[in-house]
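Chemist: sequence plus predicted model, see below.
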Amino acid sequence: MPPLTPPPPRLALHAVSCMRNAQTVLRDINVSIHDGTALVLTGANGSGKTTFLRMLAGFSRPSAGEILWNGHDVTSPGVFQQYKLQLNWMSLRDAVKDKLTVLDNVQWFELLEGKHGRSAPAVELMGLGRLINDKARMLSMGQRKRLQLARLLAVDRPIWLLDEPSVALDSEGVKLLEYIIAEHRKKGGIVIVATHLPIQIEDSMSLRLPQRFSHEMRRIHLKLQLGGELIKFEHLTRISSVNHVYKGSGLEIDFYSANAQRDLYVLEHSVAVSNN
Ligand SMILES: Nc1ncnc2c1ncn2[C@@H]1O[C@H](COP(=O)(O)OP(=O)(O)OP(=O)(O)O)[C@@H](O)[C@H]1O
């Protein structure tokens with residue numbers, strides 16, 4: 001009897017790099033993902049977890065390497081149309097319509113999918129049964145997250161891309177999340193999760209993205225003269241642009257760092273600035 005050859009991975013990343021904001025965020029990633037697999041992405045803020053998920057979701061293209069789905073490059077137009085129908089992307093933006101009821105918020109996605117009858121049980125399972133006919137604007141943060149998870153179940157696509165799915169969930173909510181991930185995998189589903197918080201996922205693969213330190217890392221010294229008093233700021237950041245905006249007798253200094261974080265100092269008095 002010939003030796004059994006393992007099935008090819010459903011998804012494979014070969015030497016994939018990805019740029020964002022003209023900087024390489026992901027570099028030379030290699031990973032093979034088979035049916036029923038969970039991949040957990042971890043890493044410091046700005047290390048590229050969301051970028052990884054966005055790239056898999058097709059929002060950005062690899063700058064090098066290739067992503068294969070069933071052996072085909074997902075960036076090829078014909079392949080991408082099919083590939084994207086496999087994906088269920090749950091981001092931190094919840095896309096919950098406040099004016100619709102909880103049920104409608106889930107059913108709307110299910111109907112678009114051409115499916116029927118899964119929404120109410122999904123809402124029940126996620127513990128929102130008694131709120132099913134309430135407007136979504138009544139929901140707390142954690143309840144909105146549960147609604148998003150109910151959508152995953154109602155839409156029922158094979159590849160889940162989950163960005164921080166446990167944020168705002170209470171301990172029972174996290175257990176439900178762990179349960180639905182396990183059940184999805186039992187059916188051969190794939191789950192790729194970016195998370196800072198511990199989530200119990202049996203036999204998962206993990207990928208820790210390295211912290212990024214770009215060549216733009218700089219130490220900024222600002223000396224501000226404020227009413228005769230010299231104030232020193234020392235700020236270590238990745239700077240992509242610095243704006244000095246004078247407003248009346250005050251000064252606003254905006255640091256836009258490469259990871260889109262922004263520190264704003266507003267001074268109400270006239271100042272003299274030296275940057276050295
Ligand atoms: N909207 C954006 N436009 C341009 N560049 C961005 C944008 N968002 C993020 N980036 C860049 O991509 C890098 C990776 O960000 P990403 O959101 O993927 O990190 P992350 O690991 O998900 O971070 P966190 O743990 O904070 O969610 C950032 O350091 C930043 O340089």
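Modeler: Noted; the coordinates are in hand.
Chemist: which helix or which strand is home to the closest residue to the ligand within the stretch 51-200 of the chain?
Modeler: In the stretch 51-200 of the chain, the residue that lies nearest the ligand is residue 51 (3.4 Å; Cβ to the nearest ligand atom). Where you see a C-beta, it was placed from the backbone N, CA and C, and this is true even at glycine. Residue 51 is part of helix 49-56, with elements assigned from DSSP states H and E.
Chemist: residues contacting that helix, please?
Modeler: Helix 49-56 is contacted from outside by 11, 16, 18, 20, 25-26, 29, 41-43, 60-62, 67, 87, 89, 91, 159, 161-163, 192, 194, 209, using Cβ atoms under 8 Å, 6 or more residues apart in numbering.
Chemist: burial check on the residue of the stretch 51-200 of the chain closest to the ligand, number of neighbours?
Modeler: If you count neighbours by other Cβ atoms under 10 Å, residue 51 ends up with 21.
Chemist: what's downstream of the helix holding residue 51, the next helix or strand?
Modeler: Heading C-terminal from helix 49-56 (DSSP H and E), you reach strand 64-69.
Chemist: hmm, who's touching whichever helix or strand comes after that next one?
Modeler: In the C-terminal direction, the helix or strand that comes right after strand 64-69 (DSSP H and E) is strand 72-73. Identification of contacts with strand 72-73 by Cβ under 8 Å, 6+ apart yields 66, 67, 79, 83.
Chemist: quick check: ChimeraX command selecting the buried ones in the residues you listed.
Modeler: This is the ChimeraX syntax for the buried subset of the contacts of strand 72-73, where burial follows 16 or more other Cβ atoms under 10 Å:
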select :67,79,83
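Chemist: what about the ligand: which of the contacts of strand 72-73 touch it?
Modeler: Contacts with the ligand are made by none of the contacts of strand 72-73, judged by Cβ under 6 Å from any ligand atom.
Chemist: got the contacts of strand 72-73 as CSV, with pLDDT columns?
Modeler: Shown next, in CSV, are those (pLDDT from 0 to 100):
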residue, pLDDT
66, 96
67, 97
79, 95
83, 96
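Chemist: can you redo the contacts of strand 72-73 as a markdown table with distance to residue 124?
Modeler: A markdown table is the format used below for the contacts of strand 72-73 (distance: Cβ to Cβ, whole Å):
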| residue | distance to residue 124 |
| --- | --- |
| 66 | 41 |
| 67 | 36 |
| 79 | 37 |
| 83 | 31 |
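Chemist: three-state assignment of residue 146?
Modeler: helix (DSSP: H, G, I helix; E, B strand; the rest coil).
Chemist: got the contact list for the closest residue in space to it that isn't next to it in sequence?
Modeler: Distance criterion Cβ to Cβ, 6 or more residues apart in numbering; nearest residue to residue 146, sequence neighbours excluded, is residue 126 at 4.2 Å. Residues in contact with residue 126 (Cβ under 8 Å, 6+ apart) are 146, 147, 149, 150, 153, 176.
Chemist: for burial, what's the neighbour tally of the closest residue to the residue of the stretch 51-200 of the chain closest to the ligand other than its chain neighbours?
Modeler: Spatial nearest neighbour of residue 51, excluding adjacent residues (Cβ to Cβ, 6+ apart): residue 25 at 4.7 Å. Counted with other Cβ under 10 Å, residues neighbouring residue 25 total 24.
Chemist: is it true that residue 25 lies in a strand?
Modeler: Yes - checked against three-state DSSP, residue 25 lies within a strand.
Chemist: distance of it relative to the ligand?
Modeler: Distance of residue 25 to the ligand, given as Cβ to the nearest ligand atom, to the nearest Å: 5 Å.
Chemist: residue ranges of the strands in this structure, please?
Modeler: 11-20, 23-33, 38-43, 64-69, 72-73, 87-90, 159-163, 190-194, 205-209, 217-226, 229-247, 250-257, 262-267, 271-275 (DSSP state E).
Chemist: quickly, which of those strands bottoms out on average pLDDT?
Modeler: Between the strands of the chain, the lowest average pLDDT goes to strand 262-267, which shows a mean of 34.
Chemist: sorry, back to before: for the residue nearest to residue 51, give me its contacts.
Modeler: 18, 19, 48, 51, 212.
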